[in-house]
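Visitor: Kindly return the folded structure for what I paste below:
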Amino acid sequence: MKGKTTAEQIVLNMLSNDAFSIWLGIELLSIAEGSCELKMTVRSEMTNGFSIAHGGITYSLADSALAFASNSHGRKSVSVETSISHTKPCEIGDVLIATATEKSLTNKIAVYDISICNQKKEVVALFKGTVYRTSKVW
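Guide: Coordinates of the predicted model:
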């Protein structure tokens with residue numbers, strides 16, 4: 001990983017060992033300390049009985065964005081509280097972009113907002129996550 005920032009090295013390592021994010025088809029668009037941007041496409045096996053994306057799909061995309069953004073500082077961080085609001089349905093073929101933004105960072109706790117938009121730049125979900133920052137380093 002020569003030439004990569006510490007944040008990039010951490011997140012690429014996390015992603016390579018994250019079978020679920022790989023199954024989702026997540027692509028890392030950008031990473032910096034405290035923020036990241038991810039992309040994925042909704043597939044037919046991700047839909048529910050209404051033929052729209054299962055709510056767990058956008059939740060999982062946002063959860064991955066939370067994990068990557070919060071660990072990008074170099075300390076192992078784990079979620080302690082999360083919530084999501086689904087604002088618009090997602091259909092097969094929709095390309096989703098999750099953008100994680102750090103809102104608060106202390107020695108032990110950090111808070112992030114993650115917005116998910118479709119290819120039309122419409123907000124389809126809003127996610128908030130709080131993480132506990134352990135003393136373990138990457």
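
Visitor: residues of the one helix or strand Q9 maps to that come out buried?
Guide: According to DSSP states H and E, Q9 maps onto helix 6-16. For helix 6-16, burial by neighbour count (16 or more other CB atoms under 10 Å) applies to 7-11, 14-15. (Glycine included, C-beta is placed from N, CA and C.)

Visitor: what about the strands in the protein?
Guide: All strands of the chain, identified by DSSP state E, fall at 27-32, 35-41, 75-86, 95-105, 109-117, 123-137.

Visitor: partner strands of the fifth one, parallel or antiparallel?
Guide: Just to be clear, that refers to strand 109-117. Strand 109-117 has the following strand partners under DSSP bridges: strand 95-105 (antiparallel), strand 123-137 (antiparallel).

Visitor: who wins for proximity to V111 among those?
Guide: Closest of the strands paired with strand 109-117 to V111 is strand 95-105, at 4.2 Å (criterion: CB to CB).

Visitor: what sits up against that closest one?
Guide: Strand 95-105 is contacted by residues 29, 34-42, 58, 61-62, 64-66, 68-70, 73, 90, 110-119, 124, 127 when judged by CB atoms under 8 Å, 6 or more residues apart in numbering.

Visitor: Now which of these would you call buried?
Guide: Taking 16+ other CB under 10 Å as the criterion, what is buried in the contacts of strand 95-105 is 34-40, 42, 58, 61-62, 64-66, 68-70, 73, 90, 110-118, 124, 127.

Visitor: Could I get the pLDDT score of the spatially closest residue to L24 that is not a sequence neighbour?
Guide: For L24, ignoring the flanking residues on the chain, the nearest one in space by CB to CB, 6 or more residues apart in numbering is M40 at 5.3 Å. In this model, M40 is scored at 98, pLDDT.
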